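Engineer: Just to be clear, the model below is a prediction. Sequence and coordinates:
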Amino acid sequence: MRLIHLIFACLAVMLSTLSAQAADGLFAPRVIVNDSTITNYEVEQRMMFLKALNAGGDLEKQSVNGLIEDRLRLQAAEAGNIEVTEKEILDGQTEFASRANLTAEEFVAELGKMGIEPETFREFVRAGIAWRNLVRDKFAAYNYVSDAAADRSVSATLQRGGLRVLLSELIIPAPPGQEADAMAQADELRATIGSQADFAAAAQQFSAASSAPQGGAIDWLPLGNLPPALRDMMIKMKPGEVTPPLPIPNAVGLFQLRGVEETGRPEVQMLELDYMQVLLPEGPDTGNQIARLRAGADRCDDLFGLTKGVLPPSQVIRTKQAAGEVPRDIGIELAKLDADESSVALRRGNARVFLMLCARNVAPPEENPPTRDQIKQRIANQQIAAASDNFLAKLRAAAVIREP
């Protein structure tokens, strides 16, 4: 009998040890951001939260990246003496939950059914509010938009007809850990570019885009096809001018305006982009895979059949997004495409992205055009969004981010 008791006692100790080890693993550091620790538990919770929001793609990678950026946002807000009140958090939770036609309490309860802790939702909202308040104060000057810029925007989008633009691009790779170097190089190049010839020479030497051999030159594009932030920059620029460095995934971009002309056709308002990404791991057969997809896919739906049983579903992604929410590098590539056309210019990690535009959903011209003040507010919002993206990229480039 004493032997049986001894066996059970040993088993209890072993189970307790295993349980402690499991807990240690769950709460062990995953990433350290400027001495602030992100645990495995936080990553797991963020993954479940994204899944609850029906997010697609690599949820683990998105979760780690999102948590890193949230830490940077909160650290910057703290350095700027920005405080978030409980009322602001509750209001933010209420607004977010209302998108699902739920109260904040109902939304938290639904998350709880999926194993998502209330603190996960709360911290997600708190980081967003802290960043919004910081950006609002830091970039208050961007709220000023001249009457001339507003009038030009109105003319471009609401009056005689639409515009098309002639651009050049210079894309500098920025792999993880090299963001600061890429941003510094972009700033240095921009300072030395004084003409279209200078830009073309720099693009040929430094750009990773497929347009590099042509000096970065891109054919005429409808102004409305461009991502909103880039479009509003173009409205204010003159031929020959170059944008500030724009952070895009794994790269930094410079864009030069070479020409503008009226199309004579009414402008349309972009609502939504419907597109597909097929992630093809780089290898000796990648070129053949691209050729097979191009030859066999007349439209987006064909890609599902061509990749079934060949690639996992997580590598074949169809997305419908408001134009302003599309990642900047994807938005720039889609601007060059018509429906059912494809591009392989982008990469994600060690994978080539086969990108196809399924549809560009638009609305007809408005019967009641926005006022000058409304146009100025829209331009200001786009300027602040671009500046905040740039600021976050610089924070990330300067941060010490490491795995334990």
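Structural biologist: Great, that's in hand. Numbers count the residues shown, from 1 in each chain.

Engineer: In space, what's closest to Glu60 - neighbours in sequence excluded?
Structural biologist: In space, and not counting its chain neighbours, Glu60 is closest to Met47: 5.9 Å by CB to CB, 6 or more residues apart in numbering. All C-beta spots, glycine's among them, are computed from the backbone N, C-alpha and C.

Engineer: correction: Gln185
Structural biologist: Closest residue in space to Gln185, ignoring its immediate chain neighbours: Ile172 at 5.7 Å, by CB to CB, 6+ apart.

Engineer: part of a strand, is the one you found?
Structural biologist: Yes: the assignment for Ile172 (DSSP: H, G, I helix; E, B strand; the rest coil) places it in a strand.

Engineer: For it, give me its contacts.
Structural biologist: By CB atoms under 8 Å, 6 or more residues apart in numbering, the contact list for Ile172 reads 182, 185-186, 189, 206-208, 251-254.

Engineer: How about Ala339?
Structural biologist: Taking CB under 8 Å, 6+ apart as the contact definition, Ala339 lies against 357-360.

Engineer: Of these - the most surrounded one?
Structural biologist: Within the contacts of Ala339, most neighbours by other CB atoms under 10 Å means Leu357, with 23 neighbours.

Engineer: Tally up the residues packed near the closest residue to that residue other than its chain neighbours, please.
Structural biologist: Taking CB to CB, 6+ apart as the measure, Leu357 lies nearest to Leu337, with 4.2 Å between them; neighbours along the chain are not counted. Burial of Leu337, expressed as a neighbour count using other CB under 10 Å, amounts to 16.

Engineer: circling back: show me what the host helix or strand of the residue nearest to Glu60 is packed up against.
Structural biologist: Element membership of Met47, judged by DSSP states H and E, is helix 40-52. Counting contacts by 3 or more CB pairs under 8 Å, 6 or more residues apart in numbering; DSSP states H and E, helix 40-52 is packed against helix 2-26, strand 29-33, helix 59-79, helix 104-113, helix 118-138.

Engineer: just the angle between it and helix 59-79, please?
Structural biologist: Inter-element angle recorded for helix 40-52 and helix 59-79: 110 degrees (by axes from the mean of the first three to the mean of the last three CA atoms, to 10 degrees).

Engineer: can you give me the strands in the stretch 201-350 of the chain?
Structural biologist: Counting by DSSP state E, counting those that start in this stretch, residue ranges of the strands within the stretch 201-350 of the chain are 221-222, 246-248, 251-262, 269-281, 316-322, 342-348.

Engineer: Dump the helices and strands packed on helix 40-52 into TSV; add distance to Asn390 and mean neighbour count as well.
Structural biologist: Compiled in TSV, those are given as follows (distance: least, CB to CB, whole Å; neighbours: other CB atoms under 10 Å):
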stretch	distance to Asn390	mean neighbour count
helix 2-26	36	10
strand 29-33	19	18
helix 59-79	13	18
helix 104-113	32	15
helix 118-138	11	18
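
Engineer: Tabulate these in CSV, adding columns for distance to Asp91 and mean pLDDT.
Structural biologist: Below are the helices and strands packed on helix 40-52 laid out as CSV (distance: least, CB to CB, whole Å; pLDDT from 0 to 100):
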stretch, distance to Asp91, mean pLDDT
helix 2-26, 32, 50
strand 29-33, 27, 93
helix 59-79, 17, 92
helix 104-113, 9, 93
helix 118-138, 9, 94
